[in-house]
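Chemist: fold the following.
(4 chains)
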4 protein chains.
Amino acid sequence: MNHGYDFPRIQFANQEEKQEFSKFPTKTGRRSLSRSISQSSTDSYSSAASYTDSSDDETSPREKSQVNSKGSSDFCIKNIKQAEFGRREIEIAEQDMSALISLRKRAQGEKPLAGAKVVGCTHITAQTAVLIETLVALGAQCRWTACNIYSTQNEVAAALAESGVSVFAWKGESEDDFWWCIDRCVNMEGWQANMILDDGGDLTHWVYKKYPSVFKKVRGIVEESVTGVHRLYQLSKAGKLCVPAMNVNDSVTKQKFDNLYCCRESILDGLKRTTDVMFGGKQVVVCGYGEVGKGCCSALKALGAIVCVTEIDPICALQACMDGFRVVKLNEVVRQMDMVITCTGNKNVVTREHLDRMKNGCIVCNMGHSNTEIDVASLRTPELTWERVRSQVDHVIWPDGKRVILLAEGRLLNLSCSTVPSFVLSITATTQALALIELYNAPESRYKQDVYLLPKKMDEYVASLHLPNFDAHLTELSDEQAKYMGLNKNGPFKPNYYRY
Amino acid sequence: MNHGYDFPRIQFANQEEKQEFSKFPTKTGRRSLSRSISQSSTDSYSSAASYTDSSDDETSPREKSQVNSKGSSDFCIKNIKQAEFGRREIEIAEQDMSALISLRKRAQGEKPLAGAKVVGCTHITAQTAVLIETLVALGAQCRWTACNIYSTQNEVAAALAESGVSVFAWKGESEDDFWWCIDRCVNMEGWQANMILDDGGDLTHWVYKKYPSVFKKVRGIVEESVTGVHRLYQLSKAGKLCVPAMNVNDSVTKQKFDNLYCCRESILDGLKRTTDVMFGGKQVVVCGYGEVGKGCCSALKALGAIVCVTEIDPICALQACMDGFRVVKLNEVVRQMDMVITCTGNKNVVTREHLDRMKNGCIVCNMGHSNTEIDVASLRTPELTWERVRSQVDHVIWPDGKRVILLAEGRLLNLSCSTVPSFVLSITATTQALALIELYNAPESRYKQDVYLLPKKMDEYVASLHLPNFDAHLTELSDEQAKYMGLNKNGPFKPNYYRY
Amino acid sequence: MNHGYDFPRIQFANQEEKQEFSKFPTKTGRRSLSRSISQSSTDSYSSAASYTDSSDDETSPREKSQVNSKGSSDFCIKNIKQAEFGRREIEIAEQDMSALISLRKRAQGEKPLAGAKVVGCTHITAQTAVLIETLVALGAQCRWTACNIYSTQNEVAAALAESGVSVFAWKGESEDDFWWCIDRCVNMEGWQANMILDDGGDLTHWVYKKYPSVFKKVRGIVEESVTGVHRLYQLSKAGKLCVPAMNVNDSVTKQKFDNLYCCRESILDGLKRTTDVMFGGKQVVVCGYGEVGKGCCSALKALGAIVCVTEIDPICALQACMDGFRVVKLNEVVRQMDMVITCTGNKNVVTREHLDRMKNGCIVCNMGHSNTEIDVASLRTPELTWERVRSQVDHVIWPDGKRVILLAEGRLLNLSCSTVPSFVLSITATTQALALIELYNAPESRYKQDVYLLPKKMDEYVASLHLPNFDAHLTELSDEQAKYMGLNKNGPFKPNYYRY
Amino acid sequence: MNHGYDFPRIQFANQEEKQEFSKFPTKTGRRSLSRSISQSSTDSYSSAASYTDSSDDETSPREKSQVNSKGSSDFCIKNIKQAEFGRREIEIAEQDMSALISLRKRAQGEKPLAGAKVVGCTHITAQTAVLIETLVALGAQCRWTACNIYSTQNEVAAALAESGVSVFAWKGESEDDFWWCIDRCVNMEGWQANMILDDGGDLTHWVYKKYPSVFKKVRGIVEESVTGVHRLYQLSKAGKLCVPAMNVNDSVTKQKFDNLYCCRESILDGLKRTTDVMFGGKQVVVCGYGEVGKGCCSALKALGAIVCVTEIDPICALQACMDGFRVVKLNEVVRQMDMVITCTGNKNVVTREHLDRMKNGCIVCNMGHSNTEIDVASLRTPELTWERVRSQVDHVIWPDGKRVILLAEGRLLNLSCSTVPSFVLSITATTQALALIELYNAPESRYKQDVYLLPKKMDEYVASLHLPNFDAHLTELSDEQAKYMGLNKNGPFKPNYYRY
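Modeler: Alright, predicted model coming up:
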């Protein structure tokens, strides 16, 4: 899950990050590599991660022996007794993920994943549980692990284990646990994965390094993160990608929802939950007018803020003008601003110099992909005092008493301080499921050892599965119209270059 | 100029239209072909085309002998005496086209078009005059003719002729005049074109048919219309394109301005000028949620209309949902609607059956590219009475007295009933000028005998030339940031697939 | 009809205007008085006033003898033969004025105006024809004249005359004609008015001066204009008002429609029709944030303009802030603005000094009530050149070539350059009809010799008659709810001070 | 503080509530009366009420002996040691309440409250602390108590006590504590209040009942709640009000901020914090289109929801139409809705019958003043299962598995599930301070024993004190303009009936 970035290229510019899978790091090196490449694996994760209190139980799950009600113990989780609570969470999530349920129903008869053995590495949440159980319903066998050491919802893991999925994950894993869990997923006697579903590339990395022979049977990799996708393109360029891979991160639907539509709501939510600020009349500068910036600007303007924009790209700048935002340089306006929001994907967009010139009470936060958009490091100097006033909210205090309100220490606001609606996650999960089905069932000749985008027709199918949520009624082309337009009545309806 | 279409594929679906340039039509055949292929050449054109009354002068310009103040008579226009009036119109247009003026200034020293001999075929308006005079300022020699028999502003043509441009055009040409003018432009002893600027493809067609040898010297064709671009792609596919061609129609900037931003304003303008309707509280269905539909919906909603949408494409439908529009089938809602607006590019989207079910007073109009979106032909039946109540406004009256208000007989509302701001035309004209400069100066190896989009960097340059109109200040990347992003500080800033 | 003002007090500040009816002016004096007091009587009026060309007929209607098809000649109009054309216009207007038609139907049985003899003085348009014919349908006898010497639609007057209404009005009356027509309406042997419907107060004035005895039988005056209402309040204060009067100008519904809702649309329409300007990205300052200013700001912002506001009242200024507009002083921003729009009701809001500092191409116009908001007089100096480029559009040119684009010479933009939708006029006309019914039927004790607002319940009734246009379904209070709220189930639903 | 109601009349319709102060209830009776009349005194209050954990200290403050650093013990609070923490909270609140600070500075020299002895009863929060300390800075002596048994921020109370204010309040008072604290405030030997600042009327009630002689010295009462204001009007009608009272609840500024502007933001915030729902594409019905409903509709529409409205008042219904909302009856649409929001002030707007017809997952909540808008009682039947899924969120489950998501059990969503920005509270607090100054300094003849609204000029002054927050620059009238408008240059600028 990588919400809030605009532009993939930003990720791997420095050299350390550019190293590819062939350089297997030492444990220490790996840790830092893991942190920089697979950012999401250690980022703390804000969703109400754990519902029940199990703080009394300090035993490592690896040392526990647990059995589910059917007698299986092929899993490793915090506490199998939390299964019932987790089941309810999954049921609640299902209500907002009816597209997946609908996919289950449509495809259940033909079992398009019969025979598929999927090894997966994602956040373990109620929403991914809905995905996993959909894959099972379509015929797959699944082994699953967490892509982030903090984000596992233990109750959900328990519910999955109870229902028979081999899941290896708990909230608060050590790094050693992290790789141990991945290994347990892959390295199972008498069971060999033929599909990989990854989020961040750590699972793929592990298989490459430890069990390269597995790729002989693997029909494809489905990857959803910016980071993981970048790794795959690197492998592909280096001629080392040995199976087809599907980049679901860049599908239109996912992009629009993760960026424009989701950020339009989460910018407001993140700011309110942290600062209770009133938007009406506030002067705001949004740095960057890509999809994320567009979402932020639209929402803030709608709520009565007076918004201006900074841009480096003249085309986006012209869009900002036409959408009614003044295009300025940050240093021209920073003194007057009540809020400064970064959405560029670039680094040091807000510098110490800018921060020095902000007025008392200015709120600074980041909605872009990069955690370095605000030069937070520059604020860690002796003359400035930091005061934590709430979770995720720091007052940085200048010698003259001026306070700048820094949110989430410059990390992604919407991952840190708001939640992602199940509906957005449903888009991604459905795309992942369809990508698996496509790769698993495609004739061998269709995909080479390269990275692919989901065919537009399947993108359109993902969208169509979500329309019933809105009681939206699609119009069908008549034969005559289809002929006139040169289109198949079932799509695809647009050329690949269409901008939406 | 092709405002208001969404999707180029729509144009050439029927067989007659698909014929390419090799089939030179008979005169009669040509007329109908001309009408269908080069739609714009005979469409009546709404802009206040002629400012002064010259109805007393019925002599054909071809039979007149006129000389400008410098003694030249290498032109053929209505009346050279109108030059002063035309000059003022050009000056007024220059105020909204400062990007071109700025291009003149920036490039005037180096004269990037020195030696260029441009033959052009476009609407002859104050705005194209600004383009032509920019080309001259940059070093080009120009001969010019009209791409439409109705759209020439005679005064502007006079001003151009007076300033030394060889222009052959007047308002109300016959078809014979039309081809005669083109011929006079191309066929000039001692002068041979080396660049072609076309709008609709008729000039290109003529050169192909009559003076194919001209192409030996031509460095490139710049084409701005959907129709002309399609013809070029057909030629290219057929292996008959013998020079590089630049498709300026599909550049991002032009597309966004011609469709989203321009239609957002012209839908309101077109409806008001024709019907004086109040938007607040009106129920409207917009058929099609591409760029044009998005522009229409956004404007109508902002003015208090209650808008719903029809779509065939689930992705666009999902966007409509997220933007707050109900997605419906036309027949579900048509009875309740106060207005029905088509923007699909398809045919028979509004059928007689729909029209029969509309309520009294319903307004029906078309903002899409195709003139057949509304099945107007089906309304020409004996039981229905047509009553023209204003220019471009017909009441179609059912036997029970019900009136449906049909605008522009189903043709493009914004071409027929509103005007296009000079600023929008400036975007196109600047793109055309840059495309000429690029093709004229590119090393021979850069472009083959194919159709190209303007390089993204030049698209960005077009945008940057227009930013001063908005007093917009672009941010520059620092060296460190450019390196981090892997970008050149001067752009291009986005990959080609970027969706904006 | 007085669209676009915010605040009634503005009207009568200078002494000349403050004189009340008792000082009957000499003819010359009267002319200027007439112009200043009853502004609307000589303002040129933009609505497509005359549809058919009758320029060949120069005979004054006063010298013609005309008879309608029923043999009556108790009218004086341009040409009775235009009746059929006018009838169609009335029928078209009826479509957007269904509230009046509905009132006709509901009240037709009981004929609440049976016995009423109404003398009226309003614009003579298709919309007022619908009002007059409604009054007739409800039982009234009507004699009618025009409140403006330019605004009469001759065809409509013909249709009214043909249907039996005694109408005295034509387009292009002299001032002498104006008073002659009023006199003919009032001074009819054997017929004496018992109700007065006035727009501007000229009719009331005439009766006061010439036929004061008429007031003995008159049950009330209904007045809709700011000017006329002010005159009535002056009379009342002076103890000279001898019958009850109903101020329909200040009813909530009329105010919101004439100001907020109507201006929200007409600002865009007026600017487009005159200048074809593109709104996107334009910097605009709106002077005054009353209802008119709110409407203008909302529409311009929605279309992508960047809008700021000037205000003198801190409460309105705070509203502007919360609605997302910067509150500035005009001289701080005037240099950067693309458009300056006045809506204050005050004078000299835009001074010559401001005009001197505007940038080339700046558009200046007035949406407020006062024609002196822009100090246009200050622009009539020798060093400035005026150039009329279109109807209602002047370029004022400074010695350095700078052009300021002045619309309607600073008069009301929406009266001069756009039209008022029938729906808005329907609100006013329905309010007038109900006011007549109320005054005519009220028990004598209900109204004294004073000026009244329409009872809130009737305001609500006007609104309810217009809801079917929007297919709006009102909820009814249950008995229990009505009791809980302390309300009558049929209204009124709000206290008088409610702000809406 | 009474946010979110529309219409004051709603409060006192049932008989029990209508009893006035003279009927002093028995203790039990009083409890229920207190609950119904002075709703806010027992409503649980969501603001982060207590920052530090003091759960270990179970001793009642009444039994503790505490002394502040100056040796005073004339207060009763939870823990004086929390003063430092509370001080910081007050300082943070001051940043968003600069209007009060500015009032302090402007009036500090003249000490307009010198000699004033104010007894106050409000929520004890950082924001009221800023008010209290402003009163002190202006010369007043203050004794203070809480108007709600849950809402006191103990740390803030400590900071006030430390700074010398005699405060009697803690979080979690019993009802007996509540009245004891009030008594301790009023009943102080050697000190007699001459001003009362009340929120809810409980303090006023107590003085009436127990110490009526105090009123001999009291110059006036300032009351901010709907409930308290209603009580005062009742007293006034009954001829029992013995001092002037100022109704600050109905001042324009307070109304717009508490209702329109505040609810525009809190509806989104309340829904997100409780349900994480995505707004885009959701179908929402808002019951009631007063100020609260207008705020809710505007925000939800802006975020992409598809909103319709129910109304009983045709004028508000017509406004909804013009603002672009379909006006429907609840039972026509309830089946399709994703959310149902009440803002009517009425009871049983959403009935069991409606709830039975809602679809699975429908969210139901109340933004209106009355806790009975949703008939929650009807859901407490055996066949329905209630499941608390989060704080303030219940799933009500029908026998067929359908879940309706009920927020805050039908109580005010924005009080229960979101916070009120300091800026909104600043408006109220500044109004209260000015009302005290006005009543304390007014010549005796100015105010009788009646309930008054703040003079418009002071309303305007409150607004002007808040403009610097937005860097808003007010325009001043020139002498000539003021004369033309008939206005004083310093205001008031509008007549009392102006609707804003």
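
Chemist: okay, CA-based contacts and neighbour counts for the rest of this
Modeler: Will do.

Chemist: please list the outside residues in contact with the host helix or strand of residue A:268.
Modeler: Taking DSSP states H and E as the criterion, residue A:268 maps to helix A:262-275. Under the criterion C-alpha atoms under 8 Å, 6 or more residues apart in numbering or on different chains, residues A:4, A:277-278, A:292, A:294-300, A:367, A:390-393, A:407, A:413-414, A:417-420, A:424, D:269, D:272-273, D:278-279, D:303 lie in contact with helix A:262-275.

Chemist: contact residues of the stretch 301-450 of chain A facing chain D?
Modeler: Contact residues (C-alpha under 8 Å from any C-alpha of the partner chain) of the stretch 301-450 of chain A with chain D: A:302-303, A:361, A:419-421, A:423.

Chemist: mind checking which of those residues land in helices?
Modeler: The helices, defined by DSSP state H, take in A:302, A:423 from those.

Chemist: now, which of the residues of the stretch 301-450 of chain A next to chain D lie close to chain C?
Modeler: For chain C, the contacts drawn from these by C-alpha under 8 Å from any C-alpha are residue A:303.

Chemist: most surrounded residue in the residues of the stretch 301-450 of chain A next to chain D?
Modeler: When neighbours are counted by other C-alpha atoms under 10 Å in any protein chain shown, residue A:303 leads those with 27 neighbours.

Chemist: for the stretch 51-200 of chain A, which spans come out with low pLDDT?
Modeler: The model of the stretch 51-200 of chain A has pLDDT under 70 over residues A:51-57.

Chemist: whichever residue of it sits closest to chain D and residue D:401: what is the separation?
Modeler: Nearest residue of the stretch 51-200 of chain A to chain D: residue A:95, at 7.2 Å (C-alpha to the nearest C-alpha). Going from residue A:95 to residue D:401 by C-alpha to C-alpha, to the nearest Å gives 12 Å.

Chemist: neighbour count winner among those two?
Modeler: More crowded of residue A:95 and residue D:401, by other C-alpha under 10 Å: residue A:95, with 16 against 11.

Chemist: how about the nearest residue to that one, chain neighbours excluded?
Modeler: The spatially closest residue to residue A:95, leaving aside those adjacent along the chain, is residue D:361, at 7.2 Å (C-alpha to C-alpha, 6 or more residues apart in numbering or on different chains).

Chemist: the one you found reaches residue D:406, doesn't it?
Modeler: No - Residue D:361 is beyond contact range of residue D:406, at 9.8 Å (criterion: C-alpha atoms under 8 Å).

Chemist: buried residues in stretch A:483-490?
Modeler: For stretch A:483-490, the neighbour count (16 or more other C-alpha atoms under 10 Å in any protein chain shown) marks A:484-487, A:489 as buried.

Chemist: for the residues you listed, give me CSV that also has secondary structure and distance to residue C:244.
Modeler: Formatted as CSV, these follow (DSSP: H, G, I helix; E, B strand; the rest coil; distance: C-alpha to C-alpha, whole Å):
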residue, secondary structure, distance to residue C:244
A:484, helix, 69
A:485, helix, 69
A:486, coil, 72
A:487, coil, 71
A:489, coil, 70
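
Chemist: contacts with chain B among these, please.
Modeler: The overlap between the buried residues of stretch A:483-490 and the neighbours of chain B (C-alpha under 8 Å from any C-alpha) comes to A:484-486.

Chemist: now do the SS call for the residue lying closest to residue A:357 once chain neighbours are set aside.
Modeler: Of all residues not flanking residue A:357 in the chain, residue A:335 sits nearest, at 5.6 Å (C-alpha to C-alpha, 6+ apart). Classification of residue A:335 by DSSP: H, G, I helix; E, B strand; the rest coil places it in helix.

Chemist: so what's residue A:335 up against?
Modeler: Neighbours of residue A:335 in contact, by C-alpha under 8 Å, 6+ apart: A:357-359.

Chemist: now residue A:425: how far from residue D:306?
Modeler: Residue A:425 sits 22 Å away from residue D:306, taking C-alpha to C-alpha as the criterion.

Chemist: neighbour-wise, which of these two wins?
Modeler: More crowded of residue A:425 and residue D:306, by other C-alpha under 10 Å: residue D:306, with 30 against 21.

Chemist: which strand residues bridge that one?
Modeler: Beta-bridge pairing of residue D:306 under DSSP bridges involves residue D:283.

Chemist: list the residues that contact it.
Modeler: Residue D:306 touches B:324-326, D:281-284, D:300, counting by C-alpha under 8 Å, 6+ apart.

Chemist: which of those has the most neighbours?
Modeler: residue B:325 (32 neighbours).

Chemist: from residue B:285, how far off is that residue?
Modeler: In terms of C-alpha to C-alpha, residue B:325 sits 10 Å off from residue B:285.

Chemist: okay, and the common contacts of these two?
Modeler: With C-alpha under 8 Å, 6+ apart as the test, residue B:325 and residue B:285 both reach B:307-309.

Chemist: can I get these in TSV with neighbour count and pLDDT?
Modeler: Below are the shared contacts of residue B:325 and residue B:285 laid out as TSV (neighbours: other C-alpha atoms under 10 Å in any protein chain shown; pLDDT from 0 to 100):
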residue	neighbour count	pLDDT
B:307	26	98
B:308	25	98
B:309	29	98
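
Chemist: relative to chain C, which of the residues you listed is nearest.
Modeler: Among those, and counting by C-alpha to the nearest C-alpha, the member closest to chain C is residue B:307, at 12.9 Å.

Chemist: what comes into contact with stretch A:440-455?
Modeler: Contacts for stretch A:440-455 (C-alpha under 8 Å, 6+ apart): A:112-113, A:116, A:195, A:219-220, A:232-233, A:236, A:241-248, A:250-251, A:435, A:439.

Chemist: among those residues, which are in strands?
Modeler: A:195, A:220, A:245-247 (DSSP state E).

Chemist: can you flag the buried ones in those?
Modeler: Using 16+ other C-alpha under 10 Å, the buried members of the ones in strands among the contacts of stretch A:440-455 are A:195, A:220, A:245-247.

Chemist: please identify the helix or strand for the closest residue in space to residue A:370 that isn't next to it in sequence.
Modeler: Leaving aside its sequence neighbours, residue A:370 sits nearest to residue A:345 (C-alpha to C-alpha, 6+ apart; 5.1 Å). For residue A:345, there is no helix or strand it lies in under DSSP H and E.

Chemist: what's around residue A:345, how many residues?
Modeler: Count around residue A:345 with other C-alpha under 10 Å applied: 28.

Chemist: check it and give its pLDDT.
Modeler: Residue A:345 is assigned a predicted lDDT (pLDDT) of 90.

Chemist: that one contacts residue A:373, doesn't it?
Modeler: Yes - under the criterion of C-alpha under 8 Å, residue A:345 makes contact with residue A:373 at 6.9 Å.

Chemist: returning to what we had before: separation between the residue nearest to residue A:370 and chain C?
Modeler: Remark: distance between residue A:345 and chain C (C-alpha to the nearest C-alpha, to the nearest Å) = 25 Å.

Chemist: quick one, phi psi at that residue?
Modeler: phi 80, psi 0 (degrees, to the nearest 10).

Chemist: element containing the nearest residue to residue A:81 once chain neighbours are set aside?
Modeler: Of all residues beyond its chain neighbours, the one nearest residue A:81 is residue A:158 (7.1 Å), with distances taken as C-alpha to C-alpha, 6+ apart. In this assignment (DSSP H and E), residue A:158 forms part of helix A:154-162.
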